[in-house]
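*Asks:* Below: sequence and its predicted model.
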Amino acid sequence: NAGVTQTPKFQVLKTGQSMTLQCAQDMNHNSMYWYRQDPGMGLRLIYYSASEGTTDKGEVPNGYNVSRLNKREFSLRLESAAPSQTSVYFCASSEWVSPFPYEQYFGPGTRLTVT
Amino acid sequence: AQKVTQAQTEISVVEKEDVTLDCVYETRDTTYYLFWYKQPPSGELVFLIRRNSFDEQNEISGRYSWNFQKSTSSFNFTITASQVVDSAVYFCALMDSNYQLIWGAGTKLIIKP
């Protein structure tokens, strides 16, 4: 039982390059999330997927796209990377037993540097 | 607006001391959820506790305890007899009516041997 896995762990991009961050969970959770964490700050939600087939914008969606490929996988794409997107990216998943939200479980993070 | 404030940027104590991390939140919702997470130096995020707004009971788990007070919009976290392994950044978070987590900036806790 690996929990939430993310690839890659580290990535360096040049401005304008594109890349996709991969996330998978094996806990059969319905909801998945992408966050970014900048130094000295809490996490900020980029996009989330409440259930398979749905995606919604979070607090900071500009410059990103997501795909909920199936129940297990949720990818984050940077179409044209910018230095402002240098950050640590976390994927998370959670269950939902109406009406209560459950805690989110996080992957190990991807450290992305855009030069 | 929904907001979480962790006013203590960094706390440094000597091992075995008790330490309290403060969390103050703002929300217009009558039903909401509060969370604490730990981020050790290795970088992963570890869930510690969830609290529903309609349950004001304090909770104790080993050396950890949480004090939830709706009257002051606070959800403080106390570590009793701190240990070096408790050194980490601790985040408080609020889940709003859209079920999105709003995070505080975190408190870096340093436990010196």
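*Replies:* Good, I have the coordinates.
*Asks:* Identify the residues contacting residue 10.
*Replies:* Let's take chain A. For A:F10, the contact set (CB atoms under 8 Å, 6 or more residues apart in numbering or on different chains) comprises A:T110, A:R111, A:L112. No exception for glycine: its C-beta is placed from N, CA and C like everyone else's.
*Asks:* oops, chain B please
*Replies:* B:E10 sits next to B:T107, B:K108, B:L109, B:I110 when contact means CB under 8 Å, 6+ apart.
*Asks:* closest to chain A among those residues?
*Replies:* The closest of these to chain A turns out to be B:K108 (CB to the nearest CB; 9.3 Å).
*Asks:* thinking again about what came up before, want to throw the contacts of B:E10 into a markdown table with distance to chain A?
*Replies:* Below are the contacts of B:E10 laid out as a markdown table (distance: CB to the nearest CB, whole Å):
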| residue | distance to chain A |
| --- | --- |
| B:T107 | 11 |
| B:K108 | 9 |
| B:L109 | 15 |
| B:I110 | 15 |
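*Asks:* Any of the residues you listed buried? List them.
*Replies:* B:T107, B:K108, B:L109 (16 or more other CB atoms under 10 Å in any protein chain shown).
*Asks:* The residues you listed in helices, which ones?
*Replies:* With DSSP state H as the criterion, helices contain none of the buried ones among the contacts of B:E10.
*Asks:* Tell me which entries of those residues lie within strands.
*Replies:* Among these, the ones falling in strands (DSSP state E) are B:T107, B:K108, B:L109.
*Asks:* got those as CSV, with distance to B:K16 and pLDDT columns?
*Replies:* Below are these laid out as CSV (distance: CB to CB, whole Å; pLDDT from 0 to 100):
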residue, distance to B:K16, pLDDT
B:T107, 19, 97
B:K108, 19, 97
B:L109, 14, 98
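*Asks:* ok, so of those, who is nearest B:V14?
*Replies:* B:L109 (12.3 Å; CB to CB).
*Asks:* So what pairs up with the closest one in the strands?
*Replies:* With DSSP bridges as the criterion, B:L109 is bridged to B:I11, B:A88.
*Asks:* Check B:F68 too.
*Replies:* Going by DSSP bridges, B:F68 forms beta bridges with B:F75.
*Asks:* Which neighbouring residues are in contact with it, exactly?
*Replies:* Residues counted as contacts of B:F68 (CB under 8 Å, 6+ apart) are B:L34, B:R51, B:D55, B:E56, B:Q57, B:N58, B:S74, B:F75.
*Asks:* just the buried members of these?
*Replies:* B:L34, B:R51, B:S74, B:F75.
*Asks:* Adding pLDDT, write the residues you listed out as TSV.
*Replies:* Output for the buried ones among the contacts of B:F68, formatted as TSV (pLDDT from 0 to 100):
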residue	pLDDT
B:L34	94
B:R51	89
B:S74	96
B:F75	96
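*Asks:* Most widely separated two among the residues you listed?
*Replies:* Taking CB to CB, no two of the buried ones among the contacts of B:F68 sit farther apart than B:R51 and B:S74, at 11.4 Å.
*Asks:* Thank you kindly, that will do.
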